[in-house]
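1. everything below, folded, please.
(3 chains)
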Amino acid sequence: MKIGVYICHCGTNIAGVVDVHQVAEYAATLPNVVVARDYKYMCSEPGQNLIGDDIRQFGLDGVVVAACSPTMHEPTFQTAVFRAGMNPYMFQMASIREHVSWVTLDPAEATEKAKELVEAAVFRVSLQEPLEKRRIPVKQAVLVVGGGIAGIEAALKCADAGKKVYLVEKEPSIGGHMAMFDKTFPTLDCSQCILTPKMVEVVRNENIELLDYSEVKKISGHVGDFKVTVVRKPRYVDSTKCTGCGICVTKCPGRALDEFNLGMTKRKSIYIPFPQAVPLKAVIDRDSCLYFKKNICKVCIKFCSAGAIDFEQRPEEVELEVGAVILATGFKPFDARRVPEYGYGKFPNVITSLEFERLTSASGPTGGKVVLKDGREPESVAIVHCVGSRNVNNNIYCSKICCMQSLKHAHLLKEHVPGVTVYDFFIDMRAGGKGYEEFYRRVMGEGTIMIRGRPAYITDVPVNSSEKGKLILVAEDTILSSVMRYPVDMVILSIGLEASDDAKEIARTFTCSRTADGFFLEKHPKLAPVSTPTAGVFIAGACQGPKDIPESVAQASGAAAETLAMMGKGYFELEPYVARINEELCSGCGVCLNLCAYNALERDPQTGLVNVVEALCQGCGACVAGCPSNALDLDGYKTKQVLAEMEGILA
Amino acid sequence: MSEPPRIRIVAFLCKWCSYAGADLAGVNRTKYLPNVLPIKVPCSARMDPELVLRAFSEGAAGVLLAGCHPGDCHYLKGNYKALRRFKLLKKFVSQMGIEDERLRLEWISASEGSRYAEVVNDMTTKVRTLGPLNWRREIAIEA
Amino acid sequence: MKTLQFFPGCSLQGFNESYYKSAIVLGKLIGYELDEIEDWNCCGATAYFSISEERTFLANARNLAIAEKNSGELTVACGACYAALSKTAKYYSQSRKISFMMDSALKEVGLVYDGKVKVRHLLEVVFNDYPKEQLAAKVVRPLKGIKIAPYYGCMIFRPIPAAIPNDALEQLIRLVGADAVDFLGKDKCCGGMLVNNRPDVGLELVKALLSEAQMKGAQLLITTCPLCQINLELYQGAVNRKYGTEFKIPVIYFTQMLGYALGASPEELKLGTELVSGLSVLKKAEVVKA
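-> I've put the predicted structure just below:
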């Protein structure tokens, strides 16, 4: 065995703490090591060439690089050695940056630890064997979960490339939160106007199958070949017959709170979610429907000329086969009741930013008029930033879009209510996108009073006659260094974004992790924001973290691109870490069979011994650890290799 | 007399959660004691009791096993299997006279960098107090 | 019947004896006994903290060390004592500098503190340790029709929040059959010592609270702190003189309200000795037909 060892300085990241020369010198003394070097940046082109040249010159058949985490650069170096003619699995990395130089105070101890990890890697590589990646075919179909702007965009891009797309949306209509907005910043485009054409394209596109009012129940399989079970919830209306004429809605006597208008108005028990809904079909809410509650009425049946009402509908399960999944499940608006000091839910004229979007919408509860709950126009309005964000009591992160949304609302208030006084209470003003800072200046010029200070509380208890009948915000204007009282008629709380309620469930179903804030975990926060550690599962939009519409669209395109790249190749390469059985040692006891979560082990009916189904094996090693006869071993993580690594540490 | 041998604790970290968590501790430059040496395995379920016992016999003063939180295992239920094996192993190992603090199982997720550092510091401090495992020597005497 | 190690604090022994007496009576009714710790010293309240934080910690270190000798829990009834003791306990565990200072001082007087005392406000005990259904079942004088405003004062919630929801008093008010007023000022400062040294500030704060109570139609205010009770009741006169207002709202302790509803006699609860009669308001409760 001829091993080359390379110790990276990583600039001063490693060399500043670890004595890299010493480690290289030590490595040179280890068995089978024919060359040991240290170099400033191993991942750079000259660094990689060092390895390549040595492979050719010395005939190396094993390489160890001690540098950053394998999560960062294992693929980089594996490709480098492959290009120089060596099998990429005869390579091992020792992380002496994330696990040594960045975390150890004493340089001497750090150097000791680095030597132990390098020795471990060298011993391991000596026992490693060449392996080949497994190629599995990729089914040419995509599952997109979530029909908001990100899901719609991802679906359209994949469909345009000729792939079959299943778009699953849990609400009766696609459109997500964007459908609820009135205008979008900074251009003040009408949200529905720019969204609706895309929604319509979704149903027009012959490659997209829209499963509306449905949810994913189960998924099994692996990248390239997922089997998904989707449950189609019953609308109690036959979508193939319903024309969306709306007569049933006008006749229905049942009432319930309208979710689209955030409970500010009522809708009927049979309803079409909003005028531009896609699909434009009715749906019955059985919790408020008189037929389901008391077995009476059925007025809708009487008036539906298409005969589309069907109270007997049952949930239907549909099985799909796809090669990849894009999760675009969006966000949940922060519940402002969790900040009781602001009186949301107690004072009728304290509303959320989302409720304000509905107020200014022409199709909203007030037909686009900005009025107080008693119908009067407000003389003064306060906008409060960061409700639910940037504080330890609720969420520590910044929800990114609320500053721009607040400025937009300030502008819309001036537009809708002539002469209104607008106060905007902010901590910092975040206007980083294209055209955002310019929009901020414009709004400032319109006369909104900007106050840098977070209101402590909102009260309706006046201390003088001018405060009577008003809502008073008590806040410190930090620029004036003064605590002030601001009496207004209406308060708009700019609420933050949170991970949706079903994010945990979805993460479990699709084997996704979540970051501490509850949003889905990306593969790398800088360089791989739309893929996840689970091969074949991609994420896009607000489900990955708070972001605005252009970013959601960009991420959706990105996720689609990654999906299409995979499908374009037609195959996916899986790591070669599979379980192998030594038939001579296997006694057919069958203990391993129940240990496999993927059904990758089966008993041969003739011999009674156990076989490994390579295509299904995920390489976790659970069976290997459980085999009483040591008949099973895991390629790439063989027992002898792990023991060698351990020996190198403890020697 | 030569210096006492360096206390080494072998840590089996699962690739998806705990190894990533340890990486995060590094990225955050969280400082911790340098006596824990990580070995990356695909899943905590790969942990074979034999590996643990060999670690002790080869001179490890402690063994740390870390995996994903229950319910979050990348391979669905690997961590539950690891837990069952660990419980049995713990009983066995204590019967052999190895102190409780030397063998430890923790659930550490990919976002818990500071938790990894805490566990490392806590376990290292406890094991340092116990000193190196004298197991090998005792066995050698009996043999 | 459980025994609670109790720190009365200076106010409960003197001016606000009614709080101490009613707390004892309430204990007999619901199942606790107050065991005053021996040889306690003044906690310093808010006054000493503003002069010297360090010395306040030392003063309270002594109280905590004494409390730790018998059991790990210390109950207090006064908001200021609660703040002073719980702050001392918390900083002991979080700051090495402070714990070292405390340990050295305690050593001088032969005392030891291990950081294991849990400080609880009496309201926490009453609210958490007794099932609501049991308390409700003991009500014999339901206060139907009486509008009561809950005033917690600031220190039970800040800086060390007691383990109660922010509507604990409202729940107890409803439990005894009365109407809880939606009192926004419930956790706002009563002015504390400022009513003395800076009446322009202190009385302003008292006025704000009384105004809201009056505006919302409260017939009675209940409190959890003797200092707040003094400010709100005793200084009503000063506020009226300064601002030309006509406040006349009784301010009693939550223990007195509960005790009365659970059947104790007004004499036992020291009701009827207040400046503005709380007893006459309580007596107005509608008779509930059997």
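2. in contact with the residue of chain B found nearest chain A, which residues are there?
-> Proximity of chain B to chain A (CB to the nearest CB) peaks at B:G26, 2.9 Å away. C-beta coordinates here come from the backbone N, C-alpha and C atoms, glycine included. By CB atoms under 8 Å, 6 or more residues apart in numbering or on different chains, the contact list for B:G26 reads A:69, A:95, A:97-99, A:102-103, B:113.
3. that one looks like it's in a strand, true?
-> No: counting by DSSP: H, G, I helix; E, B strand; the rest coil, one finds B:G26 to be helix, located in no strand.
4. distance check, it against A:G11.
-> According to CB to CB, to the nearest Å, B:G26 stands 15 Å off from A:G11.
5. now do A:K414
-> 52 Å.
6. which one of those two has more residues nearby?
-> A:K414 (18 against 10; other CB atoms under 10 Å in any protein chain shown).
7. so the more buried one is in contact with A:E446, correct?
-> Yes: with contact defined as CB atoms under 8 Å, A:K414 reaches A:E446; the gap is 5.1 Å.
8. in chain A, what residue comes closest to chain C?
-> For chain A, CB to the nearest CB, closest residue to chain C: A:V461, 4.2 Å.
9. pLDDT below threshold where in chain B?
-> Applying pLDDT under 70 to chain B picks out residues B:1-4, B:135-143.
10. what about C:L106, which helix or strand?
-> Applying DSSP states H and E as the criterion places C:L106 in helix C:96-108.
11. by contact count, what packs against that helix?
-> When contacts are defined as 3 or more CB pairs under 8 Å, 6 or more residues apart in numbering or on different chains; DSSP states H and E, helix C:96-108 packs onto helix C:53-70, helix C:79-94.
12. between it and helix C:53-70, how big is the angle?
-> 60 degrees (axes from the mean of the first three to the mean of the last three CA atoms, to 10 degrees).
13. roughly how far out does the following helix or strand past helix C:96-108 sit from the chain middle?
-> With elements assigned by DSSP H and E, the helix or strand that comes after helix C:96-108 is strand C:118-121. A distance of 12 Å separates the centroid of the chain from that of strand C:118-121, by CA atoms, centre = their mean, to the nearest Å.
14. residues touching strand C:118-121, excluding its own?
-> Contact with strand C:118-121 is made by C:72-77, C:79, C:82, C:85-86, C:89, C:156, C:160, C:162-164, C:224, as judged by CB under 8 Å, 6+ apart.
15. looking at the residues you listed, which are in strands?
-> C:73-76 (DSSP state E).
16. can you select the buried ones from the residues you listed in PyMOL?
-> A single PyMOL command selects the buried members of these (16 or more other CB atoms under 10 Å in any protein chain shown):
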select buried, chain C and resi 74+75+76
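17. now for the ones in strands among the contacts of strand C:118-121, which pair is the farthest apart?
-> Using CB to CB, these span at most 10.7 Å, a distance reached by C:E73 and C:V76.
18. the residue of chain A closest to chain C and chain B, how far apart?
-> From A:V461 over to chain B the distance is 43 Å, taken as CB to the nearest CB, to the nearest Å.
19. using the three-state scheme, assign that residue.
-> Following three-state DSSP, the label given to A:V461 is coil.
20. who in the stretch 451-600 of chain A is up against chain B?
-> The stretch 451-600 of chain A has residues A:507-508, A:511, A:513-516, A:521, A:533-534, A:577, A:595, A:597-598 near chain B, with proximity defined as CB under 8 Å from any CB of the partner chain.
21. tell me the one among those residues nearest to C:Y20.
-> The nearest member of those to C:Y20, counting by CB to CB, is A:A516 at 47.0 Å.
22. mind checking the SS state of that closest one?
-> Once three-state DSSP is applied, A:A516 turns out coil.
23. surely A:D38 is in a strand?
-> Yes: residue state for A:D38 (three-state DSSP) corresponds to a strand.
24. pLDDT score for it?
-> On the pLDDT scale, A:D38 is placed at 94.
25. from A:P137, how far out is it?
-> From A:D38 to A:P137 the distance is 44 Å (CB to CB).
26. what's the answer for A:R37, then?
-> Per CB to CB, A:R37 is found 42 Å from A:P137.
27. for these two, indicate the residue with more neighbours.
-> Remark: of A:R37 and A:P137, A:R37 carries more neighbours, 18 against 12, as counted by other CB under 10 Å.
28. ok, now which ones touch the more buried one?
-> By CB under 8 Å, 6+ apart, A:R37 lies in contact with A:4-7, A:24, A:50, A:54.
29. return the subset of those lying in strands.
-> A:4-7.
30. now those residues as CSV including neighbour count, pLDDT and distance to B:E106?
-> Output for the ones in strands among the contacts of A:R37, formatted as CSV (neighbours: other CB atoms under 10 Å in any protein chain shown; pLDDT from 0 to 100; distance: CB to CB, whole Å):
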residue, neighbour count, pLDDT, distance to B:E106
A:G4, 27, 96, 36
A:V5, 30, 96, 32
A:Y6, 25, 96, 32
A:I7, 31, 96, 30
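31. can you lay out those as JSON lines showing distance to A:G330?
-> JSON lines is the format used below for those (distance: CB to CB, whole Å):
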{"residue": "A:G4", "distance to A:G330": "49"}
{"residue": "A:V5", "distance to A:G330": "49"}
{"residue": "A:Y6", "distance to A:G330": "45"}
{"residue": "A:I7", "distance to A:G330": "46"}
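32. what mean pLDDT does stretch C:193-202 get?
-> In this model, stretch C:193-202 carries a mean pLDDT of 90.
33. buried ones in it?
-> C:194-195, C:199, C:202.
34. run a quick neighbour tally on the residue lying closest to A:G570 once chain neighbours are set aside.
-> Spatially, and ignoring its direct neighbours in sequence, A:G570 is nearest to A:V138 (6.1 Å; CB to CB, 6 or more residues apart in numbering or on different chains). When neighbours are defined as other CB under 10 Å, A:V138 has 21 of them.
35. contacts only, for A:V138.
-> A:223-225, A:323-324, A:566-567, A:569-572 are the contacts of A:V138 under CB under 8 Å, 6+ apart.
36. okay, among the residues you listed, which ones form the most distant pair?
-> A:D225 and A:K569 (14.6 Å).
37. quick one: A:M72 and A:G541, what's the gap?
-> The gap separating A:M72 from A:G541 is 26 Å, by CB to CB.
38. so between the two, which is more surrounded?
-> Between A:M72 and A:G541, counting by other CB under 10 Å, A:G541 is the more crowded of the two (32 against 18).
39. surely that one meets A:G146?
-> Yes: the criterion here is CB under 8 Å, and A:G541 meets it with A:G146 at 7.4 Å.
40. show me the chain divided up by domain.
-> Unless you meant another one, I'm taking chain A. A:3-126, A:141-232+A:316-330+A:500-571, A:247-303, A:334-498, A:579-634 (automatic domain parsing).
41. wait, I meant chain C there
-> Using automatic domain parsing, chain C is parsed into the domains C:2-123, C:137-283.
42. start to end distance for the last one?
-> The stretch domain C:137-283 measures 20 Å between its terminal residues, going by CA to CA, to the nearest Å.
43. quick one: distance of it to the chain centre.
-> Relative to its parent chain, domain C:137-283 has a centroid offset of 10 Å by CA atoms, centre = their mean.
44. do the same with the first one
-> Average the C-alpha atoms of domain C:2-123, do the same for its chain, and the two points are 14 Å apart (CA atoms, centre = their mean).
45. may I have the distance across it, first residue to last?
-> First-to-last residue span, domain C:2-123, CA to CA: 16 Å.
46. residue of the stretch 51-200 of chain C nearest chain A, please.
-> Per CB to the nearest CB, C:L184 is where the stretch 51-200 of chain C lies closest to chain A, at 4.8 Å.
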